[in-house]
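Chemist: whatever this is, show me its structure:
(chains A, B and C)
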Amino acid sequence: MFPGRFHYASPRALDEAVELLQKAEGEGKVLAGGQSLIPLLKLRFASPSILVDINNLPGLDYIKVESDGAFRIGALARHGEIERSDDIARLQPTAAAAVPVVADPIVRSRGTLVGSVCHADPQGDWAAVMIALDGSVTAYGPEGKRSIMVKDFVTGPFQNVLSYPEIAIEATIPAPKGDVAGGFLKLERRVGDFATAGAAIGLEFNAGRVSRAGIALTGVGGATVNAEAAAEALMNSSLGSDAVMRAADLAAEASSPKSDHRGSADYKRHIVHTFVRRILAGIATDQERAA
Amino acid sequence: MTQTADPRAGAPAPVDEIKIGGLGASRRRVEDNRFLRGKGNYFDDIVLPGMLHMEILRSPMAHARIKSIDASRAWAIPGVRLILTGEALATRNLGWMPTLSYDTQAVLATDKVRFQGQEVAAVIADDPYIAKDAVTAIQVEYEPLPPIVNPEQAVAPGAPIIRDDKLGQTDNVVFDWEVGDQAGTEAAFATADVVSRLQLHYPRSHPCPLEACGAIADYDRATGKLTAYLTSQAPHIVRAAVALIAELPEHQIRIISPDLGGGFGNKVPIYPGYVVAILASILTERPVKWVEDRTGNLISTGFGRDVYLDGQVAMRKDGKILAVKMNTLSDHGAFFADAQPSKFKIGLMHSAFASYDIPYAHMASRGVYTTKAPGGVAYRCSFRVTEAMFFQERMVQAAADDAGIDQAEFRRINFVKDDDFPHRTPYGFLTDSGQYNKCLELALKEIDYEGFLKEQAEARKQGRLLGIGISTMTEPLGAGNSREYDILGIKMFDSAELRVHMTGKAMLRTGAKTQGQGHETTWAQIVAHELGLPAEDIVVEEGDTDTAPFGMGTYASRSTPVAGAAIAMAARKVKAKARKIAAHLLEVSEEDVEWELGRFYVRSQPARGVSIQETALAAYSNMPDGLEPGLEAVSYYDPPNLTWPFAAYVCTVEIDPETGVWDVLRFVAVDDCGVRINPLIVEGQIQGGLTEAYAMASMQFITFDADGNCIGSNFMDYLLPTAWETPGWELHEVVTPSPHHPIGAKGVGECATVGGPAAFVNAVVNALSHLGVRNIDMPMLPDRVYEALTKRTDVSGAPPVKTD
Amino acid sequence: MTSLFEEISDPTPDDVPVNRVAITVNGQKRTADVEPRLLLAHFLRQGLKLTGTHTGCDTTNCGACTVLMDGKPVKSCTVLAVQAEGREVVTVEGMASGSELDSVQEGFKDEHALQCGFCTPGMMLAARALLNENPDPTEDEVRFALSGNLCRCTGYQNIVKAVLWAAAKDRGEDPTQAVEKYTAKQKGANQ
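Modeler: Residues are numbered from 1 along each chain as shown, chains lettered A, B, ... in the order given. Prediction:
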């Protein structure tokens, strides 16, 4: 309940933030929504020498949809703002399905998507969504900007590839080349619980067939699981029952859960299977209806 | 035109009891006025001049010998004023303290730690941040010992002795205890057509009030007086215990229990943190505040349940129960610290089957030590009645299934009949009253039992899993009487002191202690009912041992049955005196004075009267010769029997066969708690109780892994349902007044938590009964339900947690 | 926050970081020198003696410490006091204006939506935030919006009623009728 001592700075410019981190020689931490970091500080699981609060950096709180349909989400866009975004609701079904089950409503008014992806909790929601959507993170550092695919960004439990003192400033969902479909399901024991198991799926269709597919899983491995083979199995299909079952089988195979108080490894794998199937079945129904 | 003379001509209109906030009024709560404005007065809101802050260092291990404690780095931190270890306490004979069950408990560990989270050292500093810095800087060297997380491990050959501190303790058994007629039971079993057997585990749970525990100890060297603001449901017990433990004279100890953010049994025991804070204040001569954090609360303070049942029911073919056998095995953690009447080692577990007419029963109970937190508190129940009723209703359902009889019909066959009271229960209690069948029938009608059974059969054909569960309960509420019930030798009565001021306003103090039950509102209603004073003219105070009359506090739903009765009796004493004053004022003899609510009048002359307020004025300004001035009374009430409320709960559920996730479709509750003082508050108690029942059935529990690590030591794993998961409750009532309570009321605060869980479990098991599933241990997490329905087996939830 | 009539404490050691903050709390600008690690909840409770903001857990789950920051509900145990610099904070003490209670407070009293009172301040502020955004919520919307706040006493049913009561009052409708409508619908509602 009582964090250890640290210094605090609230820069007004991005370069200043990077500089502050650099001065801290690896001991600094970026504070955005703080909904994972501050609990860690309170439990004294983290003890940075300085917190560089980016909440007062101008112009990072955007949720933008480009003319080509790409989404750009700034580092200070809160979950709650994504939840209320008409553009997300209209155009990005995977994110729209995920956001109401991220943490709880009060945490959502503070926490950020970019922060969640950086936090890289193996049971987190956003990294799975972003991997399923081929999303990427934009990092800003002394060398300038670089873009990293989220599937390459999250490397392990609470680990990402940011190179200190880089700051993640944006998440991007690329422009779709077909009709967008998707979904997100997670088994949580209660609102605000981390996932026992969950699945994010992002698809694009061209002429009734899947032209892009992404499936990512949460809660079933040491890091968010990119179920590439499962996604591959859907390519060029029209989500017939064979393709759906094949994808569900491969997704379950891709997961490597541990048995614990949330359930056995077999159960979690089964949940992945069920959820992948349910999301795809739902999309197939929508597609039929649309056709 | 003839006119009948109005017998009340000239008399004021009768007082409307509901309007003055008397019995039966859904009076809005008085205490809300401060809570709504953020002006409650919880102990952590209190700041005393010069106050220091305490933080506790806890053991990371379940079982380990302490090799060394090095606090030198902690002492070096500016702002640290005192560091206490077990060794320091031992020099003052405070290393160990008595528990409420005649055992001992380490205050700060000296020899070894016996559960994860045990108190090892304490730091007192200028602010809690510094105290935490210092706690983190203390280095303790441990030598690990094998953990024991269930009774099987505890009694296994070669198991390490957990309580090697106790002379003569050669194993991990706390007690063996039995009750009932063993020979009669065996004989009845021998004649049975059907014997039904059920084994299960009621998991460890924690009362978990939203405010954790804590204290501010303030010792004044100049006066020799200790004042402690402390989260206690029973401040007078604390005063007695502190007098014994700290060797301070009782008149120099003042325990103040301010507003409590819930209790549910968690705030009955004396915890090491209180004792250390008191010692720290004595040593520093400054006020010391200790605020327990949530982890400290969940990992170390009084839990509830953790009992294993092996139960058997002997029946005739027609479903009539002939006898019941219950063997219980209970896990008490490292210290036997149950808060319970001393005569009964496993609480009132033997209240089981009190609502059924059963001639013979026997119970054998064994308690064991494990390397888990101590407790066994009455978590929203009257001392293990939650387990008793859960076991009863789970056994009844299994028995009905085994006999091939509908579960509702099976209960009808075996219920105690309405005209059979008082009734001797199979384990020897005497129940006072009830209309069991009426309650059940109302519940079945409201849920459309027959209709649901048809719907269930149809749904099954389509692969959908619907279930319906019934749970009925009666609960012994309101301990004592003093012959049977005491805690540490102190008899379980309660008290009230009523002072009516000159202007007819009044102050009422009791030995109970509200934690959200609304005593400030309802106690005034009892006085309003007895005296006709408007409830708003009566202020209620509780929790300060310097001013409140001695009482045993609030837990086990005893406030209304005992303190509530004391209030009625104190009011009646006041009324008796007021009658003498009224006779004086009306210039008639006392025998000619009649009473109607709020007013005395001369017999057959209703217009000649004086109000209760007028007698109050006279008590201070115009008292009759020979009568003491003043208008006040104290009553200590020792109840002749417990009160026995009844409830019938019916729940319908649907299970998702692919995930094991289950949803409550409907929940109908019929409660008979006798006369309801404030229906709004009674309903609030039932809704809250049902929610705790749902919590235990669905998600809330504490478990342990094989290394003795506590799982459920914070809100990320100790799951309390939110508004989103919690179902809606449909409440109904039946009223059977208690024949021996002054106003006919019975306890109610805990009925729903006690009776609720079995309704959920019976419903889920009912949905799976065609697959041969007889039991899923609570909480019925989706993975457990899925395992049961796919493997068609019972599912045990006993620790340790299964890992790869 | 030192004043001549507060306790005189030892000067802060030089190596302890301290930041000055100015926060508008319940309409009043408050300035203080604080350690960056001080949680907003502690700033309000200990610093400003606004003890209506409670803390019930260590893990950002219970929501008892919920306050409004720039109109949004936040868990004040998971915001640093320094982060509230320049912002507007509303606590339970700022809900009523003088003797006039906020409609949410009135609804909580009328519908018996509190027992021990510990979760109440956070619960009411979460409800206020909901009603500011959605003046006519359904039962589900109320339950969803309050799912970041734990209550141990009430079972939530009366809290839902209280919020519907307040919403009706805010809309100029008869709050009692709105609750009665809900109660009538409640029967079998889980179906």
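
Chemist: the closest residue to chain B within chain C and residue C:39, how far apart?
Modeler: Taking CB to the nearest CB, chain B has its nearest neighbour within chain C at residue C:52, 1.8 Å off. Yep, even glycine has a C-beta here, placed from its N, CA and C like the rest. Look at residue C:52 and residue C:39: by CB to CB, to the nearest Å, they are 16 Å apart.

Chemist: who does the strand or helix carrying residue B:468 pair up with?
Modeler: Assigned by DSSP states H and E, residue B:468 belongs to strand B:465-474. Here strand B:465-474 has these sheet partners by DSSP bridges: strand B:646-655 (antiparallel).

Chemist: for the strand it pairs with, the distance to its chain's centre please.
Modeler: Its chain's C-alpha centre and that of strand B:646-655 lie 22 Å apart, by CA atoms, centre = their mean, to the nearest Å.

Chemist: using CSV, write out every CA atom in it.
Modeler: Coordinates of each C-alpha in strand B:646-655 appear next as CSV, following Å, rounded to 0.1, in the frame of the first residue of the first chain:
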residue,chain,number,x,y,z
PHE,B,646,-36.3,-20.5,9.1
ALA,B,647,-35.7,-20.0,5.5
ALA,B,648,-36.4,-21.7,2.2
TYR,B,649,-34.3,-20.8,-0.8
VAL,B,650,-34.8,-22.0,-4.3
CYS,B,651,-32.4,-21.4,-7.1
THR,B,652,-32.5,-22.2,-10.8
VAL,B,653,-29.4,-22.3,-12.9
GLU,B,654,-28.2,-23.0,-16.5
ILE,B,655,-24.8,-24.4,-17.2
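
Chemist: okay, the residue nearest to residue B:608 when sequence neighbours are not counted: pLDDT?
Modeler: Of all residues not flanking residue B:608 in the chain, residue B:602 sits nearest, at 4.4 Å (CB to CB, 6 or more residues apart in numbering or on different chains). For residue B:602, the model assigns a pLDDT of 97.

Chemist: likewise for residue B:2?
Modeler: 55.

Chemist: surely residue B:349 is in contact with residue B:327?
Modeler: No - with contact defined as CB atoms under 8 Å, residue B:349 does not reach residue B:327; the gap is 10.9 Å.

Chemist: before we move on, the earlier item: wait, the residue nearest to residue B:608 touches residue B:589, no?
Modeler: No - with contact defined as CB under 8 Å, residue B:602 does not count as touching residue B:589 (10.1 Å).

Chemist: up against chain B, what does chain A have?
Modeler: Counting by CB under 8 Å from any CB of the partner chain, chain A comes close to chain B at A:1-5, A:44, A:104, A:187, A:189-194, A:196, A:258-265, A:267, A:270-271, A:274.

Chemist: out of the residues you listed, which sit inside strands?
Modeler: residue A:187 (DSSP state E).

Chemist: buried ones among the residues of chain A next to chain B?
Modeler: A:1-3, A:104, A:187, A:189-194, A:196, A:259-265, A:267, A:270-271, A:274 (16 or more other CB atoms under 10 Å in any protein chain shown).

Chemist: if we look at chain C, which of these are close to it?
Modeler: A:1, A:2, A:3, A:104, A:191, A:192.

Chemist: tabulate these (a markdown table), appending pLDDT.
Modeler: Listed next are these as a markdown table, based on pLDDT from 0 to 100:
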| residue | pLDDT |
| --- | --- |
| A:1 | 90 |
| A:2 | 96 |
| A:3 | 97 |
| A:104 | 97 |
| A:191 | 94 |
| A:192 | 92 |
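
Chemist: quick check: the farthest pair among the residues you listed?
Modeler: A:2 and A:191 (26.7 Å; CB to CB).

Chemist: now do the contacts for the nearest residue to residue B:124 once chain neighbours are set aside.
Modeler: Among residues not flanking residue B:124 along the chain, residue B:82 sits closest, at 4.1 Å (CB to CB, 6+ apart). By CB atoms under 8 Å, 6 or more residues apart in numbering or on different chains, the residues touching residue B:82 are B:52, B:123, B:124, B:280, B:283, B:284.

Chemist: show me the two of those that sit farthest apart.
Modeler: Across the contacts of residue B:82 (CB to CB), the longest gap, 12.9 Å, separates B:123 and B:283.

Chemist: ok, these two, which is more surrounded?
Modeler: Taking other CB atoms under 10 Å in any protein chain shown, residue B:123 and residue B:283 do not tie; residue B:123 has more neighbours (31 against 16).

Chemist: gap between the nearest residue to the more buried one once chain neighbours are set aside and residue A:42?
Modeler: Residue nearest to residue B:123 in three dimensions, not counting chain neighbours: residue B:134, with 4.2 Å by CB to CB, 6+ apart. Separation of residue B:134 from residue A:42 (CB to CB): 17 Å.
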